[in-house]
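Trainee: Coordinates for the following, if possible.
(2 chains)
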There are 2 protein chains.
Amino acid sequence: MKIVLIGAGNVATILGRKFIQAGHSIVQVIARDASAASKLAYEWDTESANYLSLVNPRADCHLIAVSDDAIAGISADLKLPAAATVAHTAASVSREVLAGVSDHYGVFYPLQSLRREMDRIPDTPIFVDGNDAHCRQLLSRLARSISGEQVAVAGDDARLKLHVAAVFVSNFTNHLYALAESYCRQEGLDFTQLRPLIEETAVRIREASPARVQTGPAIRGDQQTIEKHLALLNAHPHLQHMYQVLSESIRQGS
Amino acid sequence: MKIVLIGAGNVATILGRKFIQAGHSIVQVIARDASAASKLAYEWDTESANYLSLVNPRADCHLIAVSDDAIAGISADLKLPAAATVAHTAASVSREVLAGVSDHYGVFYPLQSLRREMDRIPDTPIFVDGNDAHCRQLLSRLARSISGEQVAVAGDDARLKLHVAAVFVSNFTNHLYALAESYCRQEGLDFTQLRPLIEETAVRIREASPARVQTGPAIRGDQQTIEKHLALLNAHPHLQHMYQVLSESIRQGS
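Mentor: Purely as a prediction, here's the structure:
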């Protein structure tokens, strides 16, 4: 397909690379930041622009991959032929924000943490939505070309819920890593020694439900170890509080 | 080395397999559960016993890999020659519990979540301790033979602190996975679609400090998205509470 990418951040960059790998053409990159746009255009040997008015209308899909709060403004300014298909990539923004842009509008939401510095391009499930069958089919085809079987249709409500779940398993877990890193630094321990455990904890749920493989003092009801740990955390009141809250949550069950 | 393994659970099983792969001999497996002991003995083509009084005294190392609260009892019952080297595998149990067993006693703590069902044997940093140089050197040599560079000396205090950090990055993160899984089940979403995100979140901290790659509405101060998510969680008061606590913790910084 011929694709116009609006945006030059993490999501635009990684999706663009996946599209190229899958044999699609990026016919134009548009971003307010002209230097970011031209850098990507150079990487992909294509055109760049820094005004929406310069948009190339001849593409199979116009994809808006920008921050959530920039989507409404772009939707207001972007004018495309009625036959065009346009989509944004945000979990938490309604599909309907694009209703005035063209007759076929939808969402192309990659459920992954994408950073342009990545060498590896990780597996990325895609959730698509569209206001009509044409749009849903086109976006699904595009999604399957880069994500194989990991493609599903998800409306505004399901996407928002997926985002909540993603916050738990990604933002919140990463925060626990950050808390442990800070604790190790303050106690003179080497945080990098925890990395194999971190990766194993993530990978093992391929084979078993996380509820079934829960381990540790809280699930065992091992009050003696919990008390030892809380005493050690006297010098770290915030960590001590988090330890209590999370242990209590484990005891309550999920 | 010739090794006697006391215990037949997850840690004993996985360490035993690693020892065999590294060219050591398991000369005996002892466990109260005779069938578990003989199963491992069969796997490793060696002897098994279900009484400590039957222990083979002729080994380079006697390793006690049992649950924390069983170590003291075994230490009281186990009699070894003064020249033997004995160690337990627990993070939170003092080295000194073994003082009466032989002249050389220590700890051999694998910082990993080990489950005997595993096909893969994951990378496993080992923290050793010993009451004298002979014991520390012997346990370090044994550890390096199965874990390469990921070996360090850690006394009772450091080991307990490592265990606290491990609870944060493994038990608590797994609990967040379990909460998300339960939410997905209740909302009709497919939890398995979150696995690539879970793995990416774990793997990317090879390259960057978790504090530096923190993303999500809480770190952005995106109150509008946080409010949307909390409203969605009205039907899930426990998740709503955890969402608030963790978002507040992210705002405070690590």
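Trainee: Tell me which stretches of the stretch 51-200 of chain A form helices.
Mentor: For the stretch 51-200 of chain A, the helices defined by DSSP state H, counting those that start in this stretch occupy A:71-77, A:133-147, A:156-166, A:173-187, A:195-203.
Trainee: For those helices, give me a markdown table that also has mean pLDDT and mean neighbour count.
Mentor: C-beta here means a position set from N, CA and C on the backbone, and glycine is covered the same way. Shown next, in a markdown table, are those (pLDDT from 0 to 100; neighbours: other Cβ atoms under 10 Å in any protein chain shown):
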| stretch | mean pLDDT | mean neighbour count |
| --- | --- | --- |
| helix A:71-77 | 96 | 16 |
| helix A:133-147 | 97 | 18 |
| helix A:156-166 | 97 | 20 |
| helix A:173-187 | 98 | 22 |
| helix A:195-203 | 97 | 21 |
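Trainee: okay, those helices in CSV with distance to B:Val101 next?
Mentor: Converted to CSV, the helices of the stretch 51-200 of chain A look like this (distance: least, Cβ to Cβ, whole Å):
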stretch, distance to B:Val101
helix A:71-77, 67
helix A:133-147, 56
helix A:156-166, 49
helix A:173-187, 30
helix A:195-203, 29
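Trainee: Identify whichever of those lies nearest to B:Lys39.
Mentor: Proximity of the helices of the stretch 51-200 of chain A to B:Lys39 was assessed by Cβ to Cβ; the nearest stretch is helix A:195-203, lying at 23.9 Å.
Trainee: same for the closest one, what does it pack against?
Mentor: Applying 3 or more Cβ pairs under 8 Å, 6 or more residues apart in numbering or on different chains; DSSP states H and E, one finds that helix A:195-203 contacts helix B:173-187, helix B:195-203.
Trainee: closest to A:Ala59 out of those helices?
Mentor: Nearest to A:Ala59 among those is helix B:195-203 (27.9 Å), distances taken as Cβ to Cβ.
Trainee: among the helices of the stretch 51-200 of chain A, which is nearest B:His236?
Mentor: Smallest distance to B:His236 across the helices of the stretch 51-200 of chain A (Cβ to Cβ): 9.2 Å, for helix A:156-166.
Trainee: That closest one and chain B, are they touching?
Mentor: Yes: residues of helix A:156-166 contacting chain B under Cβ under 8 Å from any Cβ of the partner chain: A:Ala158, A:Leu160, A:Lys161, A:Leu162, A:His163, A:Val164, A:Ala165, A:Ala166.
Trainee: before we move on, what about stretch A:52-68?
Mentor: Yes: residues of stretch A:52-68 are located near chain B by Cβ under 8 Å from any Cβ, namely A:Asp68.
Trainee: Tell me the buried residues in that stretch?
Mentor: Going by neighbour count (16 or more other Cβ atoms under 10 Å in any protein chain shown), the buried part of stretch A:52-68 is A:Leu52, A:Val55, A:Ala59, A:Asp60, A:Cys61, A:His62, A:Leu63, A:Ile64, A:Ala65, A:Val66, A:Asp68.
Trainee: where's the second one relative to A:Glu47, distance?
Mentor: By that I understand A:Val55. A:Val55 is 11 Å from A:Glu47, where distance means Cβ to Cβ, to the nearest Å.
Trainee: now swap in the fifth one and tell me
Mentor: With the distance defined as Cβ to Cβ, A:Cys61 ends up 16 Å from A:Glu47.
Trainee: Between its first and last residues, how far does stretch A:166-173 reach?
Mentor: With Cα to Cα, to the nearest Å applied, stretch A:166-173 spans 10 Å between its terminal residues.
Trainee: Name the residues that touch it?
Mentor: For stretch A:166-173, the surrounding residues in contact (Cβ atoms under 8 Å, 6 or more residues apart in numbering or on different chains) are A:91, A:111, A:113, B:173, B:176-177, B:179-180, B:183, B:194, B:197-198, B:200-202, B:214-219, B:229, B:239, B:242-243, B:246, B:250.
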